[in-house]
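K.L.:
turn this into a structure:
(chains A and B)
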Amino acid sequence: MQTAYLLLIPLIPLLVFLVLGIFNKRIKPAVSGYIGVAGLAAATMLSCFAAFQYFFVADKVNGAYQTFIQKTAWMQFTDTLQVDMGIFIDPISVMMLVVVSTISLMVHIYSRGYMKGDAGYTKFFAFLSLFTFSMYGLVLATNLFQIYIFWELVGVSSFLLIGYYYTKTSAVAAAKKAFIVTRFADFGFLVGILIIGYYTGTFDFEALNNPAGSAIQNWAFTSTFMGLSAITWALILIFMGGAGKSAMFPLHIWLPDAMEGPTPVSALIHAATMVVAGVYLVARLFPMFLFVDDGFVLQVVAYVGAFSSLFAAVIALTQTDIKRVLAFSTMSQIGYMMMALGVSGFDGHEGVGYMASMFHLFTHAMFKALLFLGAGAVIHAVHSNYLQDMGGLRKYMPVTNFTFLVAALAIAGVPPLAGFWSKDEILVAAYENSPLLYGIGVVVAGLTAFYMFRLYFGIFWGKNTRYAHTPHEAPLSMTIPLVLLAFFTSVVGFIPFSRFVTADKMGFEAHLNYPLAAIAVAVGAAGILLAWLFYKTENDLSDRFAHAFGSLYLWTSHKFYFDELYLFITRNIIFRYISAPIAFFDKKFVDGTMEGIGNKTVLLSRKIMSVQSGKVQDYAFGFIGGVVLLAAVFIYLWTF
Amino acid sequence: MDILSLFVLVPVLVVALLALTTGLKQARLVALAGGLLQFGMAVNLLFAYLQERAVNDAIFVFTRDIVWFKQLNIHYSIGVDGISVALLLLTAIILLAGIFISWKIDDLPKEFFISLLVLATGVYGFFISIDLFTMFLFYEIAVIPMYLLIGIWGSGPKEYSAMKLTLMLMGASAVLLVGILGIYFNSIAGGGALTFNILEIANVNIPYEAQLLFFPLTFVGFAVLGALFPFHTWSPDGHASAPTAVSMLHAGVLMKLGGYGVFRVAMFLLPAGALEWSWFFIILSAIGVIYGAFAAIRQTDLKYINAYSSVSHLGMVLFALLMLNKTAWNGAILQSLSHGFMTALFFALIGMIYSRTHTRDITRLGGLLKVIPFISAIYVIAGLASLGLPGFSGFVAEMNIFVGSFQQEGLFHRVATLVSVSAIVVTAVYILRVVGIMLMGPVKNEEFLDLPQATWYETTGILLLLLPIVGIGVAPLWLSDMILKSIQPFIQAVL
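P.N.:
Residues are numbered from 1 along each chain as shown, chains lettered A, B, ... in the order given. Here you go, the predicted model:
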């Protein structure tokens, strides 16, 4: 398979970024919008072409999809450790190319309408391109170090875009928080990479992931720490990096705040692409996670994922900011993907979890982006993020209403929409592995359906709010992406994913598990029904319910006080109890000592100065005294 | 005339020419011509070196040796390897940028540029010397103009700061001199004559006891200039009072003399001492890395923040050198270069912000991104580079340091490495704090709304510094190759 043209996929957005960034003010806003969309359209066409070539045209070897690599040396660390820059073509990277391209293109088109009239229009498109470039680089990375490099770059793009409305104090705080929390996670990631590099002598995915290779075979022979091998620790730390990016508990605190960014950004970065980078990372190193230490770390992944999924779904029940509901929903769905990876095996149907995780990543990107873009259209129309300012919007915004409903049904797992298929596979994988995880999965499915329809009814039905300005349907540039995404959401579930994206790259036939599917659909329907009772028309059922749960309601609506914990750590511990004492210590003691030496020298010189009094008597006394003293010393030395 | 001696001679000639000028316009024109000439020479040297290196594998090339003081066997002995070539280029670029940034200096311009060029002469001389005595001499030449530059053109408590800086550095030189003399008097151990020549001494096995005694003296003597904890306190006060161009040259170049000297003299000539003492200085430098970063979180004066950031970043240089392997050393040199460009850029930007707003207190600034977008955007970029974002030089340097220090097994080295790596988080905190408070947020002061944008000379200065940061960050391989080749003979001496 020809791979050289694939280099263009990341390079086009990079070029767009450079052009828009450097000639920022000299380009008319309208033009910069077109440049951005055109660049992404080109990259998207190339991605789709690449996917077609890879899955349908390129030869398979022994029934398995091949890996194509093209790379060049970037940095030589030691004689053996080298870092390359390049592209790595295998089923999951090709799939991710399609996801990133599609969503990014939709968001680009949408932003032309959404950001219209904004002072930083060109800058916005420049940042979007920067992000897309970085995300392509991450997806296509050939080695751990390259993925880390682009990992940081998507992090900084996310920082820049969250803080896009930089005169708003809350946006600035959110951007900082996102960067610092993920940076903390990346500290673990980096240490993990260092350990891997030291013990295996390579960063290359191809060498690391080879089940018969030394990295996997020799994990037990590395030194141990607290009962776990160094490689096990490395994987835990790498997962820490992934958990930070993918907002897994307890590193999730940045994601809800990240909603301060413009809504298209939330759709692209904080719903569809960047936040699933952690899932992608685990999938990328899947053989290592699976075979090292008999899958110990994979168990960790499964339980962290399941817990995050449940935790976020519970919080999403009570949030009133619609973007935050979606943010917690994202966290919950990513937890689902992590859980699916965590329960997966390798060969054939054993690897259904891996396949389901990637499948869900794919479908989730479509319907979650759609939900966010729909929410953006709503926010655009009513100028508020809060449910209490909405209601009855179905009359004013029919397209948004319809597409939002499609997405909500999809995420609730209603057949035949995309979410149904991928969620079913995840539940199958969990069911075959552990009853507990399966139970959590089912509960989360019910919760998801409930909070999502609470949102839907709250926005488009419910009370008939009187609006100061009559809300309007969004312009075409915004509704076209909505309709397209709604279309994708309806059809992508029928893609026979298990033939294309599997852990062993061989493909297998997945079948619908009817009993499990029926349970999932029933639970989802129950959630929808409950929401219908509570929120379809204005009533006080939900308030009575909230009242009945009292403190639990309070805790969930405060997101279990994790933000307060974060503030306590940064403001009190780091700022007040570490930095301030260090600054004080530096001033008083370290500098004080130097100062003291200086002052003592001055004092001493004053004392010596007073000897030079200018009085002849003093000098005469000194002279005679000195002679006497010297004489005494000499006499002493000579006589003894 | 050989290609290297020009680096000492040209600044001296420019100084002489400057003495003849009157007024700002003449002075800055001569200074600019001189700066451009030196920049050209440094670029030329880089290409000449790469050509020469292809055919010549001596440790130093373009060598020249003139007997200077026969009785004590002192020579004017010069030569360069890849490391000194890179550092000469760094010096020339920062000097040129400094001249651009000082375009409007109205207070005694002639004398200012003269002092600046004398400082540069000392630095150039230091980097080309392979004779310890000559090296020490140039070192002193570089340090002394600092006193005048801060004392006369500085701001705030400038006399105090100038005095503090000079006294602490002089104190360090005294210690260093003892170390160098110790090396000198032990250079006879091989049976030859007493010598100051680095290469000759390297062939001599200096007695173990002498190495144990003189390594810490030499190390500390140099490392004080590299802001070794706890001898770093001259740097925040010194930087805060110094005028912009001086801060740039000082933090950008002069502080690099410390790490360079440690590597070239202390480690190369006293390897056994280095092995024995490394644990002690690893502790100090690792403390410096994390301590400087935490101290920076609490500062409100931009220059203090940058000074403490330098303590942290240069602590990393010393830390890497003490790890005693090729990768870490490569990282140390790259970090020296990278920090040089970054910190000079920071000081240039701080100078621009200060000259417009008349304050460096971040709590009194806010929303600058809206008012002076170009300067602010570059500040954000510099900040991102400083916190080790990929695509900028700092990342390449730090990764070499971390991978290198991870090659050292054993709990002690591992813990020290983890402490240093954790600085990447703390650095992000203090950088983003400044960005958040000063550049983002609402505009705090109505008067700021009509601040002038960057002028052409400011933009030129900024770009001169920014391009190498990006260049090294994007394509580090050629530079790292050049440095690695030059490290080889030095690392062999230690192992």
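K.L.:
how far away is B:Leu479 from chain A?
P.N.:
Between B:Leu479 and chain A the distance is 10 Å, computed by Cβ to the nearest Cβ, to the nearest Å. For the C-beta atoms, the positions are set from N, CA and C on the backbone; glycine is no exception.
K.L.:
what about A:Asp346, how many neighbours?
P.N.:
Careful, residue A:346 is Phe; it's not Asp. A:Phe346 has 16 neighbours, counted by other Cβ atoms under 10 Å in any protein chain shown.
K.L.:
repeat for the one 4 residues further on
P.N.:
The local packing of A:Glu350 (other Cβ under 10 Å) involves 17 other residues.
K.L.:
now it: closest residue in space, sequence neighbours ignored.
P.N.:
In this structure, A:Glu350 finds its nearest non-sequential neighbour in A:Ser344, 7.5 Å apart by Cβ to Cβ, 6 or more residues apart in numbering or on different chains.
K.L.:
hang on, the one you found in a strand?
P.N.:
No. Using DSSP: H, G, I helix; E, B strand; the rest coil, the secondary structure at A:Ser344 is coil, not a strand.
K.L.:
and B:Tyr124, its phi and psi?
P.N.:
In terms of degrees, to the nearest 10, the main-chain angles of B:Tyr124 are phi -60, psi -50.
K.L.:
what sits against A:Ile231?
P.N.:
A:195-196, A:199-200, A:215, A:219, A:222, A:288, A:292-293 (Cβ atoms under 8 Å, 6 or more residues apart in numbering or on different chains).
K.L.:
buried subset of those residues?
P.N.:
Buried members of the contacts of A:Ile231, scored by 16 or more other Cβ atoms under 10 Å in any protein chain shown, are A:195-196, A:199-200, A:215, A:219, A:222, A:288, A:292-293.
K.L.:
out of these, which is nearest to chain B?
P.N.:
Nearest to chain B out of the buried ones among the contacts of A:Ile231 is A:Ile195 (Cβ to the nearest Cβ; 7.7 Å).
K.L.:
surely the closest one touches A:Ala230?
P.N.:
Yes. The pair A:Ile195 / A:Ala230 is scored as a contact, 5.5 Å apart, by Cβ atoms under 8 Å.
K.L.:
by mean pLDDT, point me to the weakest helix or strand of chain A.
P.N.:
Least confident element among the helices and strands of chain A, by mean pLDDT, DSSP states H and E: helix A:541-549 (a mean of 71).
K.L.:
and the helix or strand containing A:Gly305, average pLDDT?
P.N.:
Element membership for A:Gly305 (DSSP states H and E) is helix A:296-316. The predicted model assigns helix A:296-316 a mean pLDDT of 91.
K.L.:
show me which residues of it are buried.
P.N.:
A:297-316.
K.L.:
contacting chain B as well, which ones from the residues you listed?
P.N.:
By Cβ under 8 Å from any Cβ of the partner chain, no member of the buried residues of helix A:296-316 lies near chain B.
K.L.:
so where's the chain shaky on pLDDT?
P.N.:
Reading this off chain A. Scanning chain A for pLDDT under 70 picks out A:538, A:541, A:640.
K.L.:
to clarify, I was referring to chain B.
P.N.:
Ranges of chain B meeting pLDDT under 70: B:1, B:190.
K.L.:
can you tell me the centre-most residue of chain B?
P.N.:
Centre of chain B computed as the mean C-alpha position; nearest residue by Cα atoms, centre = their mean is B:Lys256, 2.7 Å away.
K.L.:
OK, contacts around it?
P.N.:
Here B:Lys256 is in contact with B:87, B:90, B:226, B:336, B:339-340 (criterion: Cβ under 8 Å, 6+ apart).
K.L.:
can you put these in a markdown table and add distance to chain A, secondary structure and neighbour count?
P.N.:
Formatted as a markdown table, the contacts of B:Lys256 follow (distance: Cβ to the nearest Cβ, whole Å; DSSP: H, G, I helix; E, B strand; the rest coil; neighbours: other Cβ atoms under 10 Å in any protein chain shown):
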| residue | distance to chain A | secondary structure | neighbour count |
| --- | --- | --- | --- |
| B:Leu87 | 20 | helix | 26 |
| B:Leu90 | 20 | helix | 24 |
| B:Gly226 | 16 | coil | 29 |
| B:Ser336 | 17 | helix | 30 |
| B:His339 | 18 | helix | 29 |
| B:Gly340 | 20 | helix | 28 |
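K.L.:
which parts of chain B are strands?
P.N.:
Taking DSSP state E, the strands of chain B run over residues B:61-69, B:74-80.
K.L.:
most tightly packed of those strands?
P.N.:
When the strands of chain B are scored by mean count of other Cβ atoms under 10 Å in any protein chain shown, the highest mean neighbour count falls to strand B:74-80 (a mean of 23).
K.L.:
counting by contacts, list what that one packs against.
P.N.:
Judged by 3 or more Cβ pairs under 8 Å, 6 or more residues apart in numbering or on different chains; DSSP states H and E, strand B:74-80 is in contact with strand B:61-69, helix B:109-128, helix B:132-153.
K.L.:
tilt between it and strand B:61-69?
P.N.:
170 degrees (axes from the mean of the first three to the mean of the last three Cα atoms, to 10 degrees).
K.L.:
CA atoms of strand B:74-80 as PDB?
P.N.:
This file holds the C-alpha atoms of strand B:74-80, laid out as PDB (Å, rounded to 0.1, in the frame of the first residue of the first chain):
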ATOM      1  CA  ILE B  74      50.800  30.300  30.800                       C
ATOM      2  CA  HIS B  75      49.700  30.200  27.200                       C
ATOM      3  CA  TYR B  76      47.100  32.000  25.100                       C
ATOM      4  CA  SER B  77      45.800  28.700  23.900                       C
ATOM      5  CA  ILE B  78      42.500  28.600  22.000                       C
ATOM      6  CA  GLY B  79      40.400  26.000  20.100                       C
ATOM      7  CA  VAL B  80      36.800  25.000  19.700                       C
END
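K.L.:
what's in contact with that strand?
P.N.:
By Cβ under 8 Å, 6+ apart, strand B:74-80 touches B:2, B:4-5, B:45, B:49, B:59-68, B:88, B:127-131, B:133-134, B:196-197.
K.L.:
try 7 Å this time
P.N.:
If you take Cβ atoms under 7 Å, 6 or more residues apart in numbering or on different chains as the criterion, strand B:74-80 is touched by B:4-5, B:49, B:60-68, B:128-131, B:133-134, B:196-197.
K.L.:
and for stretch B:24-35?
P.N.:
With Cβ under 7 Å, 6+ apart as the contact definition, stretch B:24-35 has outside contacts at B:10-11, B:14, B:17-18, B:21, B:95-96, B:99, B:103, B:106, B:109-110, B:113, B:117.
K.L.:
find the pair from these with maximum spatial separation.
P.N.:
Pairwise distances across the contacts of stretch B:24-35 peak at 26.4 Å for B:Val10 and B:Asp106 (criterion: Cβ to Cβ).
K.L.:
with neighbour numbers in mind, choose between those two.
P.N.:
Between B:Val10 and B:Asp106, counting by other Cβ under 10 Å, B:Val10 is the more crowded of the two (18 against 7).
K.L.:
just checking, the more buried one touches B:Phe39?
P.N.:
No. The pair B:Val10 / B:Phe39 is not scored as a contact, 10.9 Å apart, by Cβ atoms under 7 Å.
K.L.:
hmm, stretch A:589-599 in reach of chain B?
P.N.:
Yes. Judged by Cβ under 7 Å from any Cβ of the partner chain, stretch A:589-599 comes into contact with chain B at A:590-591, A:594, A:598.
K.L.:
what's in contact with the helix or strand following the least confident helix or strand of chain A?
P.N.:
Next along the chain after helix A:541-549, taking DSSP H and E as the criterion, comes helix A:551-557. Helix A:551-557 is contacted from outside by A:314-315, A:317-318, A:546, using Cβ under 7 Å, 6+ apart.
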